[in-house]
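Participant: Pasting a predicted model and its sequence here:
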Amino acid sequence: MRAEEIMRQMAYSLDQTEAIDILREYVEVEDLTDEDYQTLHEVALQLLQRGYIEAGEYLWLQLYHHTQRPEYALALAELYYKYQSLDTALLWLQQIPTAGLSPSLDQAKSYLSAEIYQAKGQGRAALKELNQLIRTYPRYYPAYALALEIHHDLGNSKDVETFLYTIETYFSDEMDIAEFKTLQVQYLLAQETINFPAIYDILESDAYPQDDAEALYLAAEVYVMAENYLLAEAKVDQSIALQPNYVDAHLLRLEIYQALENLSGIETELTWLTRTLPMDEPEVLTLVDIADEFALFTPELGALFEDHLLLMEDVEQLYSYLKLYVRQVGQIGDTNQAERLLHQVAPEQLTEGQLQYLLARLYKGTQRSEQAVDSYAYALSELLAEPSLVLELGELYIQQGEVAKAKDLLEQFNGTDYETEPLAQKIQEVERK
């Protein structure tokens, strides 16, 4: 039995069901040898590389059923961990005995257990596994690196400092330089008082990686914090050159362009991010705010914004962004679609007075004056707490040549919390002409 022969047959399988049927011919037979088992294990690994996950899983399940060997239970645990079936992964680790394992298998078992606990958000359980692993195998570097990461995530600053020192002192030949240097910077950034000179020493040292997109992104973040935007721009440009679809780096570059008031750069990043970000990402609102600030709102961004609005749960935030949406759509968008969207918002998220006020502003921006007046009047009858409400309705009356109505409105609400002084000035200007 040879792995190449089995994989050659797999090349003709149309799907995983056919692949499993082919595998049955090899595993459901008597008298498989140790060499056969090793061959089938290699086949399982190759199947995963081809994306045949179910076929690889089937093969390892059969191998474990035939042999009860711990390496196949570990392979299954790694498979389930990789595809986020964390509880199933732990169950398979429990099939592995605690005694009689080779050092490499024992290390892999304990390390994977810690990774699973970390992924489940159980950092302390992960550290318990790692501490035992380090006591048993004090020269096993991956355990120190993972423990450092977890201590950092948990905010255990003293433990982070200890592990940083230990790794740099005893594992300089084994450590991932990029990962280690970025962790050093992250540790210093997490301190109550940030020691920027110490961070600059790390960033500017020959050891700091210049070929790692995440490390360069972190450097750019540091320079943004220090308001050194030109150097931040250079670092984030390098990061994106290495990893063109790095969304966080594009978001950071947008922030840098905003600080530098680089309009062409802002427009380029807004276009890219609008086409890339999923509608449920909170950063969509970052794009909206910046586009609004620099008058770069586009119909494409408007469509993404609409989808995001319907997912928002914070009532106050939703109302605030609906006002922005109505103002922008009135200038560049489909106002009929905007009206439909406003009516889609759940009643518990928007009062009728708020809805009518938003519709009034939409109608006003599209010259639907009569509808705007009716909606403003309804919102005003609800005494909606919008300071500019009286002013906006009064302006509309003036535009329609109904100054008397504007004066009646002013008289009715003068001395209230509504903004009336600007309306009084506008009426005086009209009467002087």
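Facilitator: It's in. Residues are numbered from 1 along each chain as shown.

Participant: Following the helix or strand harbouring Leu76 in sequence, what is the next regular element?
Facilitator: Assigned by DSSP states H and E, Leu76 belongs to helix 70-82. Following helix 70-82 in sequence order, the next helix or strand is helix 86-93 (DSSP H and E).

Participant: Which positions in the helix or strand following that following helix come out as buried?
Facilitator: Next helix or strand after helix 86-93 toward the C-terminus (DSSP H and E): helix 103-119. By 16 or more other Cβ atoms under 10 Å, the buried positions in helix 103-119 come out as 105-118. (C-beta placed from N, C-alpha, C; glycine too.)

Participant: Give the buried residues for the helix or strand following helix 103-119.
Facilitator: Proceeding N to C from helix 103-119, the next assigned helix or strand is helix 123-136, under DSSP H and E. The neighbour-count check on helix 123-136 (16+ other Cβ under 10 Å) flags 123, 126-127, 129-130, 133-134 as buried.

Participant: Spatially central, which residue of this structure would that be?
Facilitator: The residue lying closest to the centre of the chain (Cα atoms, centre = their mean) is Glu281, at 6.3 Å.

Participant: Look up the closest residue to that residue, ignoring the ones flanking it.
Facilitator: His308 (8.0 Å; Cβ to Cβ, 6 or more residues apart in numbering).

Participant: Tell me how far the strand or helix carrying that neighbour lies from the chain's centre.
Facilitator: Element membership of His308, judged by DSSP H and E, is helix 299-309. Relative to its parent chain, helix 299-309 has a centroid offset of 18 Å by Cα atoms, centre = their mean, to the nearest Å.

Participant: I'd like to know which elements it is packed against.
Facilitator: Applying 3 or more Cβ pairs under 8 Å, 6 or more residues apart in numbering; DSSP states H and E, one finds that helix 299-309 contacts helix 263-276, helix 283-293, helix 315-332, helix 335-344.

Participant: tell me what the following helix or strand past the last one is packed against?
Facilitator: Read it as helix 335-344. Sequence order places helix 352-365 as the next helix or strand after helix 335-344, per DSSP H and E. When contacts are defined as 3+ Cβ pairs under 8 Å, 6+ apart, helix 352-365 sits against helix 315-332, helix 335-344, helix 369-381, helix 389-399.

Participant: which of those helices sits most buried?
Facilitator: helix 389-399 (a mean of 21; mean count of other Cβ atoms under 10 Å).

Participant: In PDB, could you pull the C-alpha coordinates for it?
Facilitator: C-alpha atoms of helix 389-399 as PDB (Å, rounded to 0.1, in the frame of the first residue of the first chain):
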ATOM      1  CA  LEU A 389     -37.100  71.900  15.000                       C
ATOM      2  CA  VAL A 390     -38.900  75.300  15.200                       C
ATOM      3  CA  LEU A 391     -36.200  77.000  13.200                       C
ATOM      4  CA  GLU A 392     -36.400  74.300  10.400                       C
ATOM      5  CA  LEU A 393     -40.100  74.500  10.200                       C
ATOM      6  CA  GLY A 394     -40.000  78.400  10.200                       C
ATOM      7  CA  GLU A 395     -37.400  78.400   7.400                       C
ATOM      8  CA  LEU A 396     -39.700  76.200   5.400                       C
ATOM      9  CA  TYR A 397     -42.600  78.600   5.900                       C
ATOM     10  CA  ILE A 398     -40.400  81.500   4.800                       C
ATOM     11  CA  GLN A 399     -39.300  79.600   1.700                       C
END
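
Participant: who's in contact with that helix?
Facilitator: Helix 389-399 has contacts (Cβ atoms under 8 Å, 6 or more residues apart in numbering) with 357, 360-361, 364, 369, 372-373, 376-377, 379-380, 403, 405-406, 409-410, 413, 416, 418-420, 422-423, 426-427, 430.

Participant: Show the average pLDDT along it.
Facilitator: In this model, helix 389-399 has an average pLDDT of 92.

Participant: Check which helix or strand the residue lying closest to Pro209 once chain neighbours are set aside maps to.
Facilitator: In this structure, Pro209 finds its nearest non-sequential neighbour in Ala178, 3.9 Å apart by Cβ to Cβ, 6+ apart. Element membership of Ala178, judged by DSSP H and E, is helix 177-189.

Participant: Which neighbouring elements make contact with the helix holding Leu76?
Facilitator: The contact analysis (3+ Cβ pairs under 8 Å, 6+ apart) places helix 70-82 against helix 34-49, helix 53-67, helix 86-93, helix 103-119.
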